[in-house]
Structure formats: C-alpha cells, structure tokens
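Engineer: Pasted the sequence and its predicted model underneath.
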Amino acid sequence: MTRQVRNLLIVCGLFLLLLVGVGIVFTVINPPKPKLTPAELQQRAAEEAAKRLLKIETKDVSQAKNLLSVALPTKKNRPAPTVAASLFKEPLRSHEVWNFLQYFDLGSVNLAELSASSAVIYSGVCVSSTGSIDASPGECGDETTALQSPAFVAFVSAAHASGDAVLLSLNAFDDTTIAPLVANAAQNASTLAAAVLPIVTADGLNGVNLDIEGSNPAESTGFVAFVSAFVGDIRATDASAEIVLDSYAGSASTSSNFFDVRALAPLVNRIFVEGYQLDNSGYSSPNAPIASSSLGYSVVQTLVQYEKVAPSSELVLGVPFYGLDFTTVNSRVGSEAVTASPTQVTYNAVVATPRKILWDPASMTPYSIFRSAGKWHQLWFDDPASIALKVALATRLGAAGVGAWSLGMESDSTEMLTAMTGGIPPRKIAI
C-alpha cells in the first residue's frame, strides 16, 4: 500500500468519525420527536378543523359586508353607523320573509309589515301533554281567545289581500308537557292534527308552525316520530299545507340535541332557525352576534352547521326585533351580570329612549351602556344595519329566506322591514 493511499484512508476515516460525531451532537441537541398519542392526534385534528371553520366563517361574513352600503366600524367604542338611505349597494336576490305576529299585536299589524312579509305566523295556541289545545287561563287562554276574535279574522283577510300566507303556531315550551307529548307520539300527534285541522279550514289558513322547544336529547327520537305522524295526518287532509318547524341555533352542531335536524328536515317545508338568544346570561353579551372570533355561538356558524345537515333552500334564518338588557356590576363592556337573566327590550323601546349607541366590531351589533335606578345596564340589540348584514349573509349562503320575532317590535320606522326584504319585495308563497 503506497503512502498516498494510506494517507487517503486515514483522511477518509477521520471524516467519517467527524460525521458520526456531528450526528451524535445533532441528535443530542435535536432529539427525534416522540409519536403523538391518539388523544393528541385528535386534538390536533380538532384545532385544524377549527382553523378551517373560522376561515370559512370570516370569509362568509366579509362577503356579506361587501353587499351593504353602510360602513361598519372596525374599532371598539365607536358610534354605531348611521343608516344610509339605502342599506344595500344593490338589492339582494329575492327571498322569502317569514315573520311572527303575537296575539296582542293582532289589532296593530299594518300594511307595511304585511307588504314586507311572505308569510305571517300567528303565535299561537298552546299544546297540552296529550296533544289537545290548552286554553287554560293566562297566556294560553288569551291566545286562544284572540284566535276567535274579529281582529284575527281581519288580520287573515288583510294578509291574504297582501299575498301573504298565514300559519298557526302550535307552542309548547315546558318539559313536563313535551316529555309525555312525544312519549306517545302517534296518538298525541293524531289528537293535535284533529284539533288543528278544523281551525285551519274554518279560518282559511295556509299551514302550521311547530314551536315545540324541548331540552332533553333523550326525547329526540320521540319528537321525530311525533312530527312525522303529525305531518302525515295534516297532509292526508290538506296536501298543500305549509309546515314549518322552529329549532334552536345550536341544534345542528351536535347529535346530542332535542332537535335531530337531519331527520326532521325531510318532514317539513321550512326550518325556522332561531338565530338569537346566543348570549351568555352570566355576563353582558350580544343577543345575535353574526360572528365570533373564538368560534362561540354566532349566526354565521349556525348557518354553516345547518347547511351540512339540511338543504339551504329549506332554511329560514330567524332574527330578533328585540334586545337584551343586562344589569351588570360595572360599566365595562362584557362585565358580569347581577341578575339571573337579561330583560327583553323591543327595538321600538330602544329607539324611544335616546341613548349613546356604540358598535361592537366583534359581534357586529350595537349596544348601549347606561345607569338606571342606581345600577349599571348594558343593552345589546339589533338595528337596521346589523339586521341587513344578517339578511345579506343568509341570502349569500342560499337560505330560503329570513324571518323576525316579531312584528310590532320594530318601531314605526320601516328601516327594519327594508333590511329584512333586502331592498325589494319579498318572494311570495303560493296560497
């Protein structure tokens, strides 16, 4: 072996030793990452899904904002925007407007409200635990009495003259009523249909609205069976009846829910999605935030989730013509509430009491902070600008339409009604 070859081997050996040494040092400094556990993989997947959802929601809201002619403030503590002569850059696409009317507003419903509606849902009559109509003293009795009044007859006539469908809402909100109602689904549904059909026929109504608001997920299957049986009985007599179902904003977000939206959607014509009461009663918070940077309850998330389990063309986004008044510990926005739940305040009452109104850029809704009777209050509500934004979002996402709870709360101004229609007459429903 020549000296040159030997020297070359020595150099190569030293180089290899150097590489091994570098590798050892690199491994010590940057040890290989341990494999993620199944729980960690699941958490990472959830985080990535949340990022994708937030990106989708942000884009949807941004595109809806671009349809408005109103400049919405982007910084905190700024005055709420002044409503322009036209809320929209161009009229939105034609859509349906399903508005509720409470019994005590029967005599005051006006032509502007009817012209801004595709259908008006009269609320309503109470449903008992056996499916009969509950006319016991109190609100249930008052609703039934109003249903039989000349004011109701005049309302139906005026609504039909305006081209509006009229539906009768069937209401139940107490679990002590709902649990037995859905436990014996077929018989109770038949009893209710038999009680309702003569009213629908005698008053020339165009259908019914089911506002049965349970809270027990264990009753979900029974409720689907009840709705299926009830709809079958109604349509056996009146195949053209419009049947609408009311459901909570969060009902499409999880399978553990009273409303099985995926199973209920094929049974009815429309689902009225209650896009309000999204607040946290423990502290001052928006009634109907259109968005949430933390992926909390919001209108955009509600629609995105519903469209995964029901046809968008079947969805009606419900918006509030009222706000929530929180009594709070101090004047800081979002401070702790000192009462168990906020007080509902109509938009009409909001504008009747002049106060400084600010805009929350996160929820894209207005609010007001004030003192009354020595206590701090924070009032969150919707105005024409925030309603217009929600309507723009619903139409952009392909929903059948929007609806309000409820007529009579919107003040004498027609701006709230214009926000609901998108600047053009609503699409009417064949009656």
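Structural biologist: Alright, I've got the coordinates.
Engineer: Can you find the helix or strand of the protein with the lowest average pLDDT?
Structural biologist: Ranked by mean pLDDT, DSSP states H and E, the weakest helix or strand in the chain is helix 3-29, scoring a mean of 50.
Engineer: so what does the next helix or strand after that one touch, helix or strand wise?
Structural biologist: Using DSSP states H and E, the helix or strand that follows helix 3-29 towards the C-terminus is helix 38-65. The contact analysis (3 or more CB pairs under 8 Å, 6 or more residues apart in numbering; DSSP states H and E) places helix 38-65 against helix 299-306, helix 384-396. No exception for glycine: its C-beta is placed from N, CA and C like everyone else's.
Engineer: okay, the ones you listed in JSON lines with mean pLDDT, distance to A194 and mean neighbour count next?
Structural biologist: Formatted as JSON lines, the helices and strands packed on helix 38-65 follow (pLDDT from 0 to 100; distance: least, CB to CB, whole Å; neighbours: other CB atoms under 10 Å):
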{"stretch": "helix 299-306", "mean pLDDT": "98", "distance to A194": "32", "mean neighbour count": "24"}
{"stretch": "helix 384-396", "mean pLDDT": "98", "distance to A194": "36", "mean neighbour count": "25"}
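Engineer: I'd like those helices as JSON lines, with distance to E143 appended.
Structural biologist: Below are the helices and strands packed on helix 38-65 laid out as JSON lines (distance: least, CB to CB, whole Å):
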{"stretch": "helix 299-306", "distance to E143": "28"}
{"stretch": "helix 384-396", "distance to E143": "27"}
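Engineer: List just the one of the ones you listed that sits closest to A146.
Structural biologist: A146 lies closest, by CB to CB, to one member of the helices and strands packed on helix 38-65: helix 384-396, at 27.3 Å.
Engineer: which stretches of the stretch 251-400 of the chain form helices?
Structural biologist: 261-264, 299-306, 347-352, 384-396 (DSSP state H, counting those that start in this stretch).
Engineer: Can you give me the buried ones in the first one?
Structural biologist: Burial within helix 261-264, assessed by neighbour count using 16 or more other CB atoms under 10 Å, is assigned to V261, A263, L264.
Engineer: ditto for the third one
Structural biologist: For helix 347-352, a neighbour-count test (16+ other CB under 10 Å) marks Y347, N348, A349, V350, V351 as buried.
Engineer: isn't L168 right next to N206, touching?
Structural biologist: No: in terms of CB atoms under 8 Å, L168 does not count as a neighbour of N206; the distance is 9.3 Å.
Engineer: which one of these two has more residues nearby?
Structural biologist: Legend: neighbour count by other CB atoms under 10 Å for L168 and N206, higher for N206 (23 against 19).
Engineer: roughly how far apart are that one and V166?
Structural biologist: Separation of N206 from V166 (CB to CB, to the nearest Å) stands at 6 Å.
Engineer: Give the residues shared as contacts by the two.
Structural biologist: Common neighbours of N206 and V166, using CB atoms under 8 Å, 6 or more residues apart in numbering, are A119.
Engineer: one step back: just the buried residues of helix 261-264 now: which is nearest T365?
Structural biologist: Proximity of the buried residues of helix 261-264 to T365 (CB to CB) peaks at V261, which lies at 25.3 Å.
Engineer: can I assume the closest one is in contact with P311?
Structural biologist: No: using CB under 8 Å, V261 makes no contact with P311, being 11.0 Å away.
Engineer: Give me the nearest residue to the residue nearest to the spatial centre of the chain, chain neighbours excluded.
Structural biologist: Nearest residue to the geometric centre of the chain (CA atoms, centre = their mean): G275, 1.7 Å. Spatially, and ignoring its direct neighbours in sequence, G275 is nearest to V299 (4.7 Å; CB to CB, 6 or more residues apart in numbering).
Engineer: Contacts only, for the one you found.
Structural biologist: Residues in contact with V299 (CB under 8 Å, 6+ apart) are A249, G275, L278, A288, P289, I290, A291, L317, K390, L393.
Engineer: still on that earlier bit, can you name the residues that contact the residue nearest to the centre of the chain?
Structural biologist: Applying CB under 8 Å, 6+ apart, the residues contacting G275 are A249, A288, V299, T302, L303, L317, G318, V319, P320, K390.
Engineer: likewise G207?
Structural biologist: A165, L167, L168, V200, A241, E242, I243, V244, N269.
Engineer: Adding pLDDT, write those out as JSON lines.
Structural biologist: Output for the contacts of G207, formatted as JSON lines (pLDDT from 0 to 100):
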{"residue": "A165", "pLDDT": "98"}
{"residue": "L167", "pLDDT": "98"}
{"residue": "L168", "pLDDT": "98"}
{"residue": "V200", "pLDDT": "97"}
{"residue": "A241", "pLDDT": "97"}
{"residue": "E242", "pLDDT": "98"}
{"residue": "I243", "pLDDT": "98"}
{"residue": "V244", "pLDDT": "98"}
{"residue": "N269", "pLDDT": "98"}
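Engineer: Can I get the buried part of these as one ChimeraX selection?
Structural biologist: Selecting the buried subset of these in ChimeraX, with 16+ other CB under 10 Å as the burial test, is done by:
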select :165,167,168,200,241,242,243,244
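Engineer: With distance to S411 and secondary structure added, can I get the contacts of G207 in TSV?
Structural biologist: Output for the contacts of G207, formatted as TSV (distance: CB to CB, whole Å; DSSP: H, G, I helix; E, B strand; the rest coil):
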residue	distance to S411	secondary structure
A165	25	strand
L167	25	strand
L168	27	strand
V200	32	helix
A241	33	coil
E242	29	strand
I243	32	strand
V244	26	strand
N269	31	coil
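Engineer: What is the nearest of the contacts of G207 to A225?
Structural biologist: Nearest to A225 among those, with distances taken as CB to CB, is I243, at 15.6 Å.
Engineer: which residues does the closest one contact?
Structural biologist: G207, V208, N209, L210, V231, I234, R235, L267, V268, N269, R270.
Engineer: what secondary structure does the fifth one sit in?
Structural biologist: Put simply, V231 is helix when judged by DSSP: H, G, I helix; E, B strand; the rest coil.
Engineer: any weak-confidence spans in the stretch 1-150 of the chain?
Structural biologist: For the stretch 1-150 of the chain, applying pLDDT under 70 flags the ranges 1-33.
Engineer: now the strands for the stretch 251-400 of the chain?
Structural biologist: Secondary structure of the stretch 251-400 of the chain (DSSP state E, counting those that start in this stretch): strands at 270-274, 315-320, 322-328, 343-346, 358-360, 365-372, 375-380.
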